[in-house]
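A.B. asks: Sharing a model prediction with you, sequence too.
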Amino acid sequence: MKVHVLCPASSVTGGPEALHQFVDAGQQLGFDIGMVYLPEDDPDPTPAVFRLYAPRIWRDLADAPGNAVVVPETGTAQLLSLRHATRVHWWLSVEHFQLRAEAMRQAQGGGASAASPLDFVFDPRFGVVHLTQSEYARQWVERQGAPALMLTDYIRDEIVERARRLRTGPKDPLVAYNPKKGLEFTQRLMAASPPDITWVPIENMSPAEVAALLGRARAYVDFGPHPGRDRIPREAVLCGCTVITNTQGSAANGVDVPLPPSLKFDERHPLTVPQVLQRLREALTQPQRFAEPMAAYCRWVEDQRRVFFDEVFTVLATLEAQAAQRARRSA
């Protein structure tokens with residue numbers, strides 16, 4: 001069985017890194033798996049930061065009964081062109097899929113209740129195998145009537161090692177936040193915040209600069225949509241921050257974001273702003289109060305590489321069995 005993993009060429013974001021981790025783990029486990037970059041004519045498709053994964057690169061996609069093709073939500077439509085290989089959809093972000101599905105629906109002039117061209121992924125006739133990067137995505141896919149296998153991701157070793165060095169260093173009364181996510185509510189927090197709390201946005205920074213900030217900050221807040229297991233909260237806890245989130249997306253459950261309820265807040269509640277500020281005050285002045293849950297969260301993040309390799313073996317062994325069955329039927 002050949003497993004083709006489709007990935008946007010030269011893209012440096014969390015999704016493409018997860019795709020590279022998948023190919024790397026599959027190769028190390030002895031499976032015949034490789035990356036197919038799109039567009040295919042990119043002369044140097046592997047970003048420099050991902051070259052450590054050393055992906056096997058295939059220029060052609062072999063649509064054969066014994067093979068499988070894995071796509072993220074950015075490549076859902078490409079599964080339609082397959083006729084023989086097992087179709088596999090890896091849900092890295094439910095929201096991104098929904099946005100694409102809605103855009104295609106509107107482009108075809110469909111109303112709010114009309115079907116999307118991407119709805120075929122849940123049609124049993126297409127035999128799509130579903131993988132989910134988060135428990136949040138798994139539950140969503142299940143509500144659409146399809147079972148799914150978990151295939152998460154992990155924070156790469158160099159980031160974990162750097163964070164270990166940083167988290168024991170001196171801390172400042174800083175609160176870090178991502179201005180690209182949940183900014184409207186974060187601005188409400190900042191407007192009501194006392195002047196002795198310094199808020200620092202994570203923007204226009206290199207990965208090393210982000211790590212340095214998280215290593216100095218005592219807290220990290222994230223009130224964004226949480227479309228999957230987001231990376232910055234995990235990097236923040238590795239660097240020694242107390243992490244505070246909302247209850248949207250994957251943050252709503254304790255599997256994807258294993259924080260105690262006292263560190264998760266519903267922005268819709270009228271008392272949330274003063275409650276979050278009180279928790280921040282405690283995190284800045286009495287960080288030992290949160291030492292135990294942060295240590296547990298940190299251990300969970302550090303164990304994700306091991307868990308991921310176990311998941312990759314389960315996924316590829318399952319695909320291998322299904323592909324063999326499919327090949328026998330077509331013989």
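C.D. replies: Cool, got the structure.

A.B. asks: Go through the chain and flag its longest helix.
C.D. replies: Taking DSSP state H as the assignment, the helix of the chain that covers the most residues is helix 304-330.

A.B. asks: Okay, and the beta partners of residue 6?
C.D. replies: On the basis of DSSP bridges, residue 6 is bridged to residue 36.

A.B. asks: Surely it is in contact with residue 73?
C.D. replies: No - checked against C-beta atoms under 8 Å, the pair residue 6 and residue 73 is beyond contact range at 11.2 Å. In this view, the C-beta of every residue, glycine as well, is placed from N, C-alpha and C.

A.B. asks: the more surrounded of these two?
C.D. replies: Set residue 6 next to residue 73 and count neighbours by other C-beta atoms under 10 Å: residue 73 wins out with 23 against 20.

A.B. asks: Quickly note the distance from that one to residue 92.
C.D. replies: Distance of residue 73 to residue 92, computed by C-beta to C-beta, to the nearest Å: 6 Å.

A.B. asks: What helices and strands are in contact with the longest helix of the chain?
C.D. replies: helix 14-28, strand 68-72, strand 86-91, strand 129-132, strand 149-150 (3 or more C-beta pairs under 8 Å, 6 or more residues apart in numbering; DSSP states H and E).

A.B. asks: Those: which one's closest to residue 176?
C.D. replies: helix 14-28 (17.7 Å; C-beta to C-beta).

A.B. asks: In JSON lines, list the helices and strands packed on helix 304-330 along with mean pLDDT and distance to residue 261.
C.D. replies: Converted to JSON lines, the helices and strands packed on helix 304-330 look like this (pLDDT from 0 to 100; distance: least, C-beta to C-beta, whole Å):
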{"stretch": "helix 14-28", "mean pLDDT": "97", "distance to residue 261": "26"}
{"stretch": "strand 68-72", "mean pLDDT": "96", "distance to residue 261": "32"}
{"stretch": "strand 86-91", "mean pLDDT": "96", "distance to residue 261": "26"}
{"stretch": "strand 129-132", "mean pLDDT": "98", "distance to residue 261": "24"}
{"stretch": "strand 149-150", "mean pLDDT": "98", "distance to residue 261": "23"}
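
A.B. asks: wait, which of these is closest to residue 330?
C.D. replies: Evaluated with C-beta to C-beta, the helices and strands packed on helix 304-330 place strand 86-91 nearest to residue 330, the distance being 11.5 Å.

A.B. asks: C-alpha coordinates for that closest one, CSV please?
C.D. replies: These are the backbone C-alpha positions of strand 86-91, laid out as CSV (Å, rounded to 0.1, in the frame of the first residue of the first chain):
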residue,chain,number,x,y,z
THR,A,86,-9.1,4.8,-0.5
ARG,A,87,-10.2,8.3,0.2
VAL,A,88,-9.0,9.7,3.6
HIS,A,89,-10.0,13.1,5.1
TRP,A,90,-7.9,14.5,7.9
TRP,A,91,-9.9,17.1,9.9
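
A.B. asks: Please name the strands paired to it in the sheet, noting orientation.
C.D. replies: Strand pairing for strand 86-91, determined by DSSP bridges: strand 68-72 (parallel), strand 129-132 (parallel).

A.B. asks: and those as TSV, adding mean neighbour count and distance to residue 194?
C.D. replies: TSV is the format used below for these (neighbours: other C-beta atoms under 10 Å; distance: least, C-beta to C-beta, whole Å):
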stretch	mean neighbour count	distance to residue 194
strand 68-72	25	43
strand 129-132	22	41
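
A.B. asks: Let me see the ranges of the helices in the chain.
C.D. replies: For the chain, helices defined by DSSP H occupy the ranges 14-28, 94-107, 135-143, 157-166, 183-192, 207-216, 231-238, 272-285, 291-302, 304-330.

A.B. asks: Just name the most buried of those helices.
C.D. replies: helix 231-238 (a mean of 24; mean count of other C-beta atoms under 10 Å).
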